[in-house]
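K.L.:
Attaching a predicted model along with its sequence, questions to come.
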Amino acid sequence: MDLEFNKREDQNKLKWSEINRIFTEIKKGGGEKRLQKLRDEGKMTARERIDYLLDKNSDSIEIGGFAGYEMYKEHGGCPSAGVVVVMGYVSGKQCLVVANDASVKAGAWFPITGKKNLRAQEIAMENRLPIIYLVDSAGVYLPMQDEIFPDKEHFGRIFRNNAKMSSMGIVQISAVMGSCVAGGAYLPIMSDEAMIVDKTGSIFLAGSYLVKAAIGESIDNETLGGATTHCSVSGVTDYKAKDDKDALDRIKNIMKSIGSYDKAGFDRVEPAMPKAKLEDIYGIMPVSRAEQYDTYEIIKCLVDNSEFEEYKEDYGKSIICCTARVDGWSVGIVANQRKLVKSGKGEMQFGGVIYSDSADKATRFIANCNQRKIPLIFLQDVTGFMVGSKSEHGGIIKDGAKMVNAVSNSVVPKFTIITGNSYGAGNYAMCGKAYDPRLIVAWPWADLAVMGGAQAAKVLAQIQEATLKKQGKTISEEEHNAILDEISKKYQKQTEATYAAARLWTDAIINPVDTRKWISMGIEAADHAPITEKFNLGVIQV
């Protein structure tokens, strides 16, 4: 290993360490005092419930752990969006677990909470995965009700999805382990099976205070909607559990009884580790997003035996297309080549830029993977499509549109790993969040933006200065630098991986070493959902 490799490794590991430190704080939810208060009430915390439920020594991945990060500061924050979502195994069956975190505003729903719950349901619906709800929520966060209540992507969509999943035959199990109030009361009852924990669980459309105000009836919450009421009188719930562990044990037993599923039939052989070290990724990746590196070296760190079969090796070199195995699964990889390459015409092509020939190659490769029923992996480190008169006259828009068309209409599962840059239309063509990847994750140093920070800051500074000049103001060099510096800092903050993950533009920020696990679990989940559509590019400009 050379000195430069070691420097990159050290700095990139420091970046992951910082991400890990932030996530450790996020996992404390509303703080140690509130977590202890839940325990004092005889409850387990949201993360303790999930840990107890999942099979010991089995793999799991957390979806949306950074959701809500540094958002809603005026409301006291909303760590992990007040809900924990994990894909894992219960009684040997792969599933999703959604647990309200009552330490965060009593589990109340912020706008990002709704978005995260809908993302969990989307994953369950796409992959036909069983979903388990561990309910402990005070309902909608009223100060922000206008941003969570009435729209298509808001709170009510949850119950619509409950109904849709039921009709699709997707198993839904709910355990009411705390408050379950108002509209939220419908979620467990629209599940296939629902249980409630005695003394701590409650379900009602309106609590005792609201009942008193509305109709003058005096009644305590336990009599109104506690476990005994709903298991013995109303018949709303199916089982009464004596405590959290009892409820979770019953869920484990239910999951044991679930039958097998029809498989999509993605090919898998005996897994093999890469010959290259996974940890080498830290030394291969440059610290600056503007620096170049050889993407082939990254692929060798990720695929079984570090072996792959390349498609059109000598054509469209700014995108690498190849088939390989990841944890035994057959995959097709579409990756941006980040080093300077020479095209078939002898012209130099910039790393991370999509050229016409590369877009053309990727389109055909995506079609081939659909034909062969091979899941697609996008390794995204892209600065955009090539610009300028030569590219425009050569039809870059047409070729780019073909690639976007292929990504949009692909029927095999897609998984996106943002390894570096994710800029502009390059994000779209390389299967950004808007193009329905089954899972999309970012490495710690990833940048997501319409364009690179330096270029964007200059454009925004020019606009601001032009406005000031129209007002008759003269801009000195010192003032110009101050404006540029202020804009650069703000823009850079908005491009960071944490900013994107907070808004669920990505599902997680992951340790690069865990990339194979995310891909493997994602394909295993996708294998629950047979492909029923045919790949069709529709109308394209040839």
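P.N.:
It's in.
K.L.:
tell me the SS of Leu537?
P.N.:
Counting by DSSP: H, G, I helix; E, B strand; the rest coil, the backbone at Leu537 sits in coil.
K.L.:
Run through the residues that contact it.
P.N.:
Going by C-beta atoms under 8 Å, 6 or more residues apart in numbering, Leu537 touches Ala367, Lys402, Asn405, Ala406, Asn409. Glycine gets a C-beta too; all of them are placed from N, C-alpha and C.
K.L.:
what's the helix or strand for the third one?
P.N.:
Going back to what we said before, that points to Asn405. Following DSSP states H and E, one finds Asn405 within helix 396-409.
K.L.:
Quick one: mean pLDDT over whichever helix or strand comes after that helix.
P.N.:
Per DSSP H and E, the first helix or strand lying C-terminal to helix 396-409 is strand 414-423. Across strand 414-423, the average pLDDT comes to 97.
K.L.:
which parts of strand 414-423 are buried?
P.N.:
Lys414, Phe415, Thr416, Ile417, Ile418, Thr419, Gly420, Asn421, Ser422, Tyr423 (16 or more other C-beta atoms under 10 Å).
K.L.:
Need the contact partners of stretch 472-485.
P.N.:
Stretch 472-485 has contacts (C-beta under 8 Å, 6+ apart) with Ala457, Lys458, Ala461, Gln464, Glu465, Leu468, Lys469.
K.L.:
show me the contacts for the fifth one.
P.N.:
Contact analysis of Glu465 by C-beta under 8 Å, 6+ apart lists Ile475, His480, Ile483.
K.L.:
Quick one: buried ones out of the residues you listed?
P.N.:
Ile483.
K.L.:
can I get the contacts of Glu465 in CSV with distance to Ala67 and pLDDT?
P.N.:
What follows is the contacts of Glu465, written out as CSV (distance: C-beta to C-beta, whole Å; pLDDT from 0 to 100):
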residue, distance to Ala67, pLDDT
Ile475, 40, 78
His480, 38, 77
Ile483, 33, 77
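K.L.:
quick one: which of the contacts of Glu465 is nearest Tyr133?
P.N.:
Distances from Tyr133 to the contacts of Glu465, taken as C-beta to C-beta, are shortest for Ile483 (49.3 Å).
K.L.:
mind listing what's buried in the strand or helix carrying the closest one?
P.N.:
Element membership for Ile483, per DSSP H and E: helix 477-495. Using 16+ other C-beta under 10 Å as the test for burial, helix 477-495 gives Ile483, Leu484, Ile487, Ser488, Tyr491, Gln492, Thr495.
K.L.:
Can I get the contacts of Glu465 in a markdown table including distance to Asn117?
P.N.:
Shown next, in a markdown table, are those (distance: C-beta to C-beta, whole Å):
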| residue | distance to Asn117 |
| --- | --- |
| Ile475 | 48 |
| His480 | 46 |
| Ile483 | 41 |
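K.L.:
Give me the outermost residue of this structure relative to its centroid.
P.N.:
In the chain, the greatest distance from the average C-alpha position (C-alpha atoms, centre = their mean) is reached by Gly472, at 47.5 Å.
K.L.:
packing partners for the helix holding Asn405?
P.N.:
In terms of contacts (3 or more C-beta pairs under 8 Å, 6 or more residues apart in numbering; DSSP states H and E), helix 396-409 is packed against helix 356-372, helix 424-429.
K.L.:
Tell me which of these lies nearest to Leu187.
P.N.:
Using C-beta to C-beta, the nearest of the helices and strands packed on helix 396-409 to Leu187 is helix 424-429, at 33.3 Å.
K.L.:
Next SSE downstream of that closest one?
P.N.:
Per DSSP H and E, the first helix or strand lying C-terminal to helix 424-429 is strand 439-442.
K.L.:
what's the neighbour count on the closest residue to Trp505 other than its chain neighbours?
P.N.:
Excluding its sequence neighbours, the residue lying closest to Trp505 (C-beta to C-beta, 6 or more residues apart in numbering) is Lys433, at 5.2 Å. For Lys433, the count of nearby residues is 20 (other C-beta atoms under 10 Å).
K.L.:
and what of Ala406?
P.N.:
Neighbourhood size, Ala406 [other C-beta under 10 Å]: 24.
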